[in-house]
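**Student:** Give me a model of this one.
(one chain, ligands or ions: 1)
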Amino acid sequence: MSAPDEALLAAARAAADAAYAPYSRFHVGAAVRAEDGRVFAAANVENASYGLSLCAETNAIMAAAVAGVRRLSAVAVVGYRAATPGEPVLATPCGRCRQVINEFAGPDTPVTVQSAEGSETLAVTLGDLLPHAFGPERL
Ligand code: THU
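**Tutor:** Sure, this is the predicted structure:
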């Protein structure tokens, strides 16, 4: 297992503080590294019409995509509950975000999820999170 991408995790951790999450009070920050080295980070943004809320991972990937990125080399996610920020929680990407990541990544792409205070880390690949993925190569 390779060492955790500390710079990417730090970007995700910083982004989590900017979450707009007045309903769930669950802050998530995501950072993605493009193949050219650029890093894009974002947080979850909720909506009074709850179902319209957008996840941190999706927001980060959309920011990367509109900047011209088409391939990601790594993804990092950090989350915490605003009510209990010191309590560890792993904000593993939701199913929709796994599919969004898959559009620009592959089964070997590392996905690192860490609790905000750093005590718990899950280091996996996209293939672990989304086996037998349906991607653009199938169309
Ligand atoms: N959320 C994310 O942004 N990413 C995840 O990986 C899991 C969940 C957000 C969606 C919602 O704003 C809040 O966390 C609670 O589900």
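
**Student:** The ligand contacts on this structure?
**Tutor:** 21, 24, 26, 28, 44, 46, 53, 55-57, 77, 91, 93-94, 97 (Cβ under 6 Å from any ligand atom). C-betas here are computed from N, CA, C, even on glycine.

**Student:** By neighbour count, sort out the buried ones in the residues you listed.
**Tutor:** Neighbour counting by 16 or more other Cβ atoms under 10 Å classes 21, 26, 28, 44, 46, 55-57, 77, 91, 93, 97 among those as buried.

**Student:** Tell me which of these fall in helices.
**Tutor:** Among those, DSSP state H puts 56-57, 97 in helices.

**Student:** wait, which of those is closest to G118?
**Tutor:** Nearest to G118 among those, counting by Cβ to Cβ, is A56 at 17.6 Å.

**Student:** what's the closest one in contact with, if anything?
**Tutor:** Listed by Cβ atoms under 8 Å, 6 or more residues apart in numbering, the contact set of A56 reads 12, 15-16, 19, 28-30, 42-44, 77, 79, 91.

**Student:** how close does it get to S24?
**Tutor:** The gap separating A56 from S24 is 12 Å, by Cβ to Cβ, to the nearest Å.
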